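Colleague: starting from these lines, generate the structure:
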Amino acid sequence: DAYHFDVVVHERRAPSPFSSKITRPQMQALLDDFGSEVSPMVIGTLNEKWNPYALVMGGEPTFAGRMALVSGRPMVAGNGEALLGELGAQRLGLQAGARIPLGDKTYLVTGIFRTPQRIVPIFIPLHIGAEMMVKGGQIDYLGITTPDALQVGRYRDAVERALPEHWTCDTWRERNRAYF
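Modeller: Down below sits the predicted model:
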């Protein structure tokens, strides 16, 4: 519950928010309307020696700070740090303080976060993830946090009205029941 978005924005035709493509102008329009409550994220897989399907999530440090850590501490953007999913850390035999190669760099794993995913998720700062994924100036995923959890429906409706016709949004809880 600690590291969810209240509203998840995605293309209607996308099978998952993770396969949506949000352009920078679309994201900027939502930023103008919702400010710091909008948290862009890039998501993709990399073929690494330690895992051929490493799920890489690049996001804002504010979002990473909300993740439920099992051990360690939150990462600090710009310090070559990352967070690793709990099941992936167990599978790889890694703990907070370990180093893990990703792309052409090695990152310090500062924390292990709780996740139900069977794949190996690794969370890095948004700008690094965007560089790794190079998706033509597009964001894969956009989450919005709300200052009042009781107003999620109102935010969802306001966001949906601001989106182009081929876009929609869901609440995080609807999309990610496995987390709760």
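
Colleague: which residues in this structure form strands?
Modeller: Remark: strands assigned in the chain by DSSP state E are 7-11, 22-23, 38-48, 51-59, 69-72, 81-85, 99-102, 105-113, 121-125, 138-139, 141-144, 167-171.

Colleague: let me know the pLDDT of the residue lying closest to residue 123 once chain neighbours are set aside.
Modeller: Spatial nearest neighbour of residue 123, chain neighbours left out: residue 83 (4.2 Å); criterion: C-beta to C-beta, 6 or more residues apart in numbering. To be clear about C-beta, it is placed using only N, CA and C from the backbone, and glycine gets the same treatment. On the pLDDT scale, residue 83 is placed at 94.

Colleague: just the one 5 residues further on next, same as before
Modeller: Confidence at residue 88, expressed as pLDDT, is 87.

Colleague: can you tell me the closest non-neighbouring residue to it?
Modeller: Using C-beta to C-beta, 6+ apart, the nearest residue to residue 88 is residue 120, at 3.2 Å.

Colleague: burial of residue 28, as a residue count?
Modeller: Number of residues near residue 28 (other C-beta atoms under 10 Å) recorded here: 11.

Colleague: how much space separates residue 70 from residue 146?
Modeller: Noted for residue 70: a distance of 26 Å to residue 146, by C-beta to C-beta, to the nearest Å.
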